[in-house]
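no FASTA, just this:
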């Protein structure tokens, strides 16, 4: 089932988000609008805003501030993409030239900063202390996650628990924030608020696990990145960690030698990639993602059945089964 | 008169700020503490926190949140320094190796992001909507100023009004925020709040003008940067704009030729530098700074005389007369 199809119940809201994004990218300084639009119009799935909007629907609460906060969350996410591409020296983002490859690292860093700041103003305008606390903590953890990932880059001995700490902070926390914000806007009880947060955390981990699996095997052009870049960049993610655990001593030594080469060749990268696939690393990652998606779904049990709940359950499955 | 001497009336507060900075740099991820401390312990003058603390003293208001907000402002300032050094490819910052030259651009970008986010959490914890509005707008304008500066880099035709727009946004707005926050914490009337904001704006412009003059003429090692870097980086600041206005047509053509060379030699840079000094550009810049400092001082007239007011007036003069 296509993503767009089951997001149709929040279609109007998603369109309103596009308008809010456009409005907030308007600026006397044209470069802000240009770079901001380039990355925000490049086919992002608006998954974080969608989670906020769907969980709001789940709670039958259409608080007017949901659009501003959803936009702020998308801006924060986009700012990290701009900075990520600088950090990773990426040339592609969602199948297009990355902002840094067109306008340079300088502009990408600064427009990322602008998007952070603009998100900050959007959230402050909503004047809700609980939301500000959720969002400021999420932003801080996001930065910590990015730094932790940078530190562990190039470390073949990255442990599973370190990997999970990284993906929780760099990805899952913002998913969790998007869902928890809905609970705050709807003024739910603590149990519901916590359940929605846990739903977001689990679906966020599932999403990142699948992303890391697709980096090895996606053949879909919609994935929008070159595949195999994690190894090229020295990122040791779940598929790789899993496969290393299954390696014989000789295999481990061989992989180690290739991984730590100063300039590994394309063949070296391909060798590692095939090793990971052959050892079942990507399949195991998808299985792991499935567990988190199921956990996410369980967190919805306390909510009354409605259309939005059905869609959220379908979305949890889609996140595992997607090929892009 | 030494800066330290007349900041002695806020000595205890400034020490408390150092503790608050240290406390908030503590992190399980050691790289955050290391890079954060490297740049925050490198001899910054804590001018923005000092302005917040002095204006609080001026208002006889020692609100407990002044320390958290002052720290947040210093974190925001420091985040922009980390990102600036990446943008400018700087190797030195305050006479020491810059963070990016030691730990790489990646770490500098991400630790800068962390400091922004941490500042955000500190401010949210104070739970004051007016302060959050001031600070979120200041942060947004700061980012706009940095981007506008980037756009105007390498443009010999930068006009004075464009220059003033840049320095207002990239520097003066954060000074203004520091002073306005004191008024909010003290719950002053609108006139006082506005006067303090204007005081900060003017002193901020004065500060940046002097900084741009010192880039041409400082011989003080405390200045902590190589001098002449603005021209090297293609930054057309007040001293240069002033001097170009005084140039004969032949002089202008000569400067233009050197400025737009793909790789200007050291002699070319020196030639432009001496042209600016000979035309009186740096002296005119200091005179311009003096005007803004005087305007700043005028804004203090509505406040009753006290020790803090005297110090703020002295500080306004110091900012013009400093040689580092």
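Nice, I can see it. Only a predicted model underlies this, so the values are computations on that prediction, with no experimental measurement involved. Numbers count the residues shown, from 1 in each chain, chains lettered A, B, ... in the order given.

pretty sure residue A:31 is touching residue A:106, no?
No: between residue A:31 and residue A:106 there is no contact under C-beta atoms under 8 Å: 10.6 Å. Just so you know, the C-beta spots here come from the backbone N, C-alpha and C atoms, and that holds for glycine as well.

anything in contact with each of the two?
residue B:150 (C-beta atoms under 8 Å, 6 or more residues apart in numbering or on different chains).

neighbour-wise, which of the two wins?
For residue A:31 versus residue A:106, neighbours defined as other C-beta atoms under 10 Å in any protein chain shown are more numerous around residue A:106 (20 against 17).

where does chain A have low pLDDT?
Scanning chain A with the threshold set as pLDDT under 70 gives A:1, A:219-227, A:324.

ranges for the strands of it?
Secondary structure of chain A (DSSP state E): strands at A:92-93, A:96-97.

need the winner for burial among those.
Among these, the stretch with the highest mean neighbour count (mean count of other C-beta atoms under 10 Å in any protein chain shown) is strand A:92-93, at a mean of 18.

note down every partner strand of that strand and its orientation.
Within its sheet, strand A:92-93 is paired with strand A:96-97 (antiparallel), according to DSSP bridges.

pull the distance from the partner strand to the chain's centre.
Relative to the centre of its chain, strand A:96-97 is centred 19 Å away, using C-alpha atoms, centre = their mean, to the nearest Å.

check stretch A:249-269 too.
When distances are taken as C-alpha atoms, centre = their mean, stretch A:249-269 is centred 29 Å away from the chain's centroid.

again, but for stretch A:122-131
23 Å.

briefly note if it comes near chain B.
Yes: residues of stretch A:122-131 contacting chain B under C-beta under 8 Å from any C-beta of the partner chain: A:123-125, A:127, A:129.

residues of that stretch that come out buried?
The neighbour-count check on stretch A:122-131 (16 or more other C-beta atoms under 10 Å in any protein chain shown) flags A:122-126, A:128, A:131 as buried.

among these, which pair sits farthest apart?
Farthest pair in the buried residues of stretch A:122-131 (C-beta to C-beta) is A:122 and A:128. Separation: 11.9 Å.

which of the residues of stretch A:122-131 next to chain B sits closest to chain B?
Lowest distance from chain B to the residues of stretch A:122-131 next to chain B (C-beta to the nearest C-beta) belongs to residue A:124, with 4.4 Å.

chain neighbours aside, what residue packs nearest to the residue nearest the centre of chain A?
Geometric centre of chain A, nearest residue: residue A:171, 4.7 Å, by C-alpha atoms, centre = their mean. With C-beta to C-beta, 6 or more residues apart in numbering or on different chains as the criterion, residue A:171 has its nearest non-adjacent residue at 4.2 Å, and that residue is residue A:208.

residues near the one you found, how many?
Neighbour tally, residue A:208, other C-beta under 10 Å: 25.

residue A:102 now?
14.

and if you look at residue A:164?
So residue A:164, with other C-beta under 10 Å, has 16 neighbours.

burial of the nearest residue to residue A:102 once chain neighbours are set aside, as a residue count?
In space, and not counting its chain neighbours, residue A:102 is closest to residue A:38: 7.3 Å by C-beta to C-beta, 6+ apart. By other C-beta under 10 Å, the residues close to residue A:38 number 18.

what residues does residue A:38 make contact with?
Residues near residue A:38 by C-beta under 8 Å, 6+ apart: A:96, A:99, A:102.
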